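>>> Quick check, what structure comes out for this input:
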Amino acid sequence: MINPNGLGIQRPSLSLLLSEPFRAATEFARHRLGKVYDAEPGDGHPVVIFPGLGADGESVATLRAYCLALGYDAFDWGQGFNNGPKGDLDTWLHTLKSRIVDLLSGHTQPATLIGWSLGGLYARELSKLMAPRIRQVITMGTPFNAEADHTNVGWLFRYLSGSSTAIDPALSLRLRTPPPIRTTSIYSRSDGVVAWETCCHLERSSLVHDIEVSGSHLGMNWNRDVLAVVADRLGQQPGPWRRYVRASR
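Coordinates of the predicted model:
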C-alpha cells in the first residue's frame, strides 16, 4: 500500500527521464516488428482516448489504431493539444463532458475512457460525471494519487495551463478517489516522468485494479505489454470482473 501522505515518494531519477526518448523508440520498434498478442474480437463499443500533457490525438494514434483493429469504435478526445484545464476545474470539466457526449452521440453501448498521463485524470473525473454512460476507465501512467508534484513535468503543466496552483488537500482527495465503475491503472516502475507510486490506488476493491508493466512513460501508447492489458480490459464482459493474467510472449 502506498503511503497516503506521499512521504518517501521521489520524482523519477534524471537518468530515467533522460532515457525516456530512447526507451520509447525501442518500444515502438518492438511494437512494429513483433507479434501482437492474441485478443478476442471486440464488441464494437466506443472507446475515447485522452492524450497526455502537451500532446494531441496524433500521440495516441497507435493505441487508437490498435483498438480499431480489435473491433472497437475508437477515437481521440477531439480537442487538439492537451494544455491542461483552463479556469475553474468543474466548469472546464462540464464543458469537456458536453463535448464527449457529442462524440458519443449515436452510440447505445456504454463507452470505455482511456487516458494517458494527465489525460487519465480527465477520464477518471469525467466518468464520475457521466456514469452510467461509461463502461470502464483505463489509465496509463496517470499520477492520481499524490499530494505534491512528484513528476518531472510540473513546470510544463504550469507553463501550458497558465496556472501556478499547487495540489491542495481537497483536490488531492478528489483525484485519488476512484470512479464508481471498473477502473484499471497501468503503471511502470521505470517511468521517467511520474513517480510510479502515484499511479496506484490506496485501497483495494472489486472495482479497481493496478497493473504493472515494464517500460517508459512516453512509450505507453505502443508498449506491447500495455496494449495487452488494454485488450484484456476492453474484452471484459458484464458480470464478475476477470483479474488480469499476463499474456504469454
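>>> Strands along this protein, start to end?
For the chain, the strands defined by DSSP state E cover 46-50, 73-76, 111-116, 134-140, 182-188, 208-213.
>>> burial count for the closest residue to residue 77 other than its chain neighbours?
Once flanking residues are discounted, residue 77 sits nearest to residue 50: 5.0 Å by CB to CB, 6 or more residues apart in numbering. To be clear about C-beta, it is placed using only N, CA and C from the backbone, and glycine gets the same treatment. Per other CB atoms under 10 Å, the neighbour tally for residue 50 reads 29.
>>> Quick check: residue 50 vs residue 105, distance?
18 Å (CB to CB, to the nearest Å).
>>> now do residue 232
Relative to residue 105, and taking CB to CB, residue 232 is found at 28 Å.
>>> more neighbours, the two?
residue 232 (20 against 6).
>>> can you pull the contacts of that one?
Each residue near residue 232 by CB atoms under 8 Å, 6 or more residues apart in numbering is listed here: 39, 242, 244-245, 247.
>>> Now do the spatially most central residue of the chain, the pLDDT please.
The centre of the chain sits closest to residue 139, judged by CA atoms, centre = their mean, with a distance of 2.4 Å. Listed pLDDT for residue 139 reads 97.
>>> hang on, the residue nearest to residue 77 packs against residue 114?
Yes. Applying CB atoms under 8 Å as the test, residue 50 and residue 114 come out as touching, 7.0 Å apart.
>>> Please report the distance of the residue nearest to residue 77 from residue 103.
Distance from residue 50 to residue 103, by CB to CB: 11 Å.
>>> do the same with residue 13
Applying CB to CB to residue 13 and residue 103 gives a distance of 39 Å.
>>> and those two? which has more neighbours close in?
Neighbours per residue (other CB under 10 Å) separate residue 13 from residue 103, with residue 103 holding more: 16 against 12.
>>> surely that one meets residue 75?
Yes. Counting by CB under 8 Å, residue 103 touches residue 75, with 6.6 Å between them.
>>> what touches both of these two?
With CB under 8 Å, 6+ apart as the test, residue 103 and residue 75 both reach 46, 48.
>>> Count the residues that sit near residue 124.
Each residue near residue 124 was counted by other CB under 10 Å, and the total is 25.
>>> quick one: pLDDT of it?
The model's pLDDT for residue 124 equals 96.
>>> Return the residues in contact with it.
Per CB under 8 Å, 6+ apart, neighbours of residue 124: 115, 137, 139, 142, 144, 175, 178-179, 183.
>>> Quick check: the gap between it and residue 138.
From residue 124 to residue 138 the distance is 10 Å (CB to CB).
>>> got any residues that touch both of these two?
Joint contacts of residue 124 and residue 138 (CB under 8 Å, 6+ apart) are 115, 183.
>>> where along the protein do the helices fall?
When secondary structure is read from DSSP state H, the chain shows helices at 14-18, 20-33, 61-70, 89-103, 118-130, 154-161, 169-176, 224-234.
>>> can you redo those helices as CSV with distance to residue 192?
Output for the helices of the chain, formatted as CSV (distance: least, CB to CB, whole Å):
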stretch, distance to residue 192
helix 14-18, 4
helix 20-33, 4
helix 61-70, 19
helix 89-103, 27
helix 118-130, 16
helix 154-161, 14
helix 169-176, 22
helix 224-234, 15
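>>> Show me the least confident stretch of those, going by mean pLDDT.
helix 154-161 (a mean of 52).
>>> hmm, back to that, ok, so of the contacts of residue 232, who is nearest residue 210?
Using CB to CB, residue 244 comes nearest to residue 210 of these, at 9.9 Å.
>>> What are the buried residues along stretch 178-192?
By 16 or more other CB atoms under 10 Å, the buried positions in stretch 178-192 come out as 178-179, 181-188, 190-192.
>>> With that, I have no additional questions.
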